[in-house]
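Q: Quick one: sequence and predicted model below, then my questions.
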Amino acid sequence: MKNLMIDLESLGTNLYGVVTQIGACYFDNQGKIGDKFLVNIDIASSLYVGLKIDGKTLKWWFERVNLITWLNNTVNITKALAMFRDFCYKNKKARVWSHYFDIYMIEGLYTKIGQKLPFSYRNWRDIRTLIDLSGLKTKKEKDDPKTHNALDDCIYQVKYVSKALRMIEGGYNEKEI
């Protein structure tokens, strides 16, 4: 699998916001899912290394408590990032797909613990740019079926990223998901 999808759930919207969950999965251009990854991160360990909680984001989650899947089976941030690094090393040459925000935040996490990202900046790919260039039309935010579980959202994002990749490569004609 030459692609890696990443999604995060967080309690902040800046570089050093608390990330509560990391989800990832490998996939091919046809949308076939390979190995999957999900880890819930202990909030206290994130605060200890200097990450911050944003009040607006916390309020957003309080209004959607039924969507919270990141409070159980949490691990220390350092261990979570080591687990994620091991997962990423399965294919160090994979294109890393995500929304820019998630790449930005994961970089902040590794910076806070004094480590480098587990993939090269040359491998980063932004989902929104791909969707824009492909001409694929996505659903409006209010109709968005995302669950806000990081792994579920990765799998959902693979669906439309693989369609956009095939459209650009000339192997897919449907213009709406």
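A: Here it is on my side, so go on.
Q: Quick one: mean pLDDT for the helix or strand encompassing residue 152?
A: According to DSSP states H and E, residue 152 maps onto helix 150-169. Here helix 150-169 scores 93 as its mean pLDDT.
Q: Could you do stretch 11-18 as well?
A: 92.
Q: that older thread, list the buried residues in the helix holding residue 152.
A: 150-158, 160-167 (16 or more other C-beta atoms under 10 Å). Yep, even glycine has a C-beta here, placed from its N, CA and C like the rest.
Q: got it, and stretch 122-139?
A: Applying 16+ other C-beta under 10 Å to stretch 122-139 flags 123, 124, 125, 127, 130, 131, 134, 136 as buried.
Q: Next SSE downstream of the helix or strand that the third one is a member of?
A: Using DSSP H and E, residue 125 sits within strand 124-126. Scanning forward in sequence from strand 124-126 by DSSP H and E, the next helix or strand is helix 127-134.
Q: And that following helix, what does it pack against?
A: strand 95-98, helix 150-169 (3 or more C-beta pairs under 8 Å, 6 or more residues apart in numbering; DSSP states H and E).
Q: now for those, which one comes closest to residue 51?
A: Nearest of the helices and strands packed on helix 127-134 to residue 51, taken as C-beta to C-beta: helix 150-169 at 16.5 Å.
Q: re earlier: do you know which of the helices and strands packed on helix 127-134 lies nearest residue 68?
A: It's helix 150-169; of the helices and strands packed on helix 127-134, that one is closest to residue 68 (C-beta to C-beta) at 11.9 Å.
Q: So what touches that closest one?
A: 3, 5-9, 21-25, 27-31, 33, 36-38, 70, 97-98, 127, 130-131, 133-136, 138, 145-147, 172-175, 177 (C-beta atoms under 8 Å, 6 or more residues apart in numbering).
Q: Just the ones in helices from those, please.
A: Among these, the ones falling in helices (DSSP state H) are 127, 130, 131, 133, 134.
Q: separation between the second one and residue 70?
A: To tie it back to what came earlier, the one meant is residue 130. Using C-beta to C-beta, to the nearest Å, one obtains 27 Å as the distance from residue 130 to residue 70.
Q: cool, the last one as well?
A: Relative to residue 70, residue 134 is positioned 31 Å away (criterion: C-beta to C-beta).
Q: still on that earlier bit, now, which of the contacts of helix 150-169 lie within strands?
A: Among these, the residues falling in strands (DSSP state E) are 3, 5-9, 21-25, 27, 33, 36-38, 97-98.
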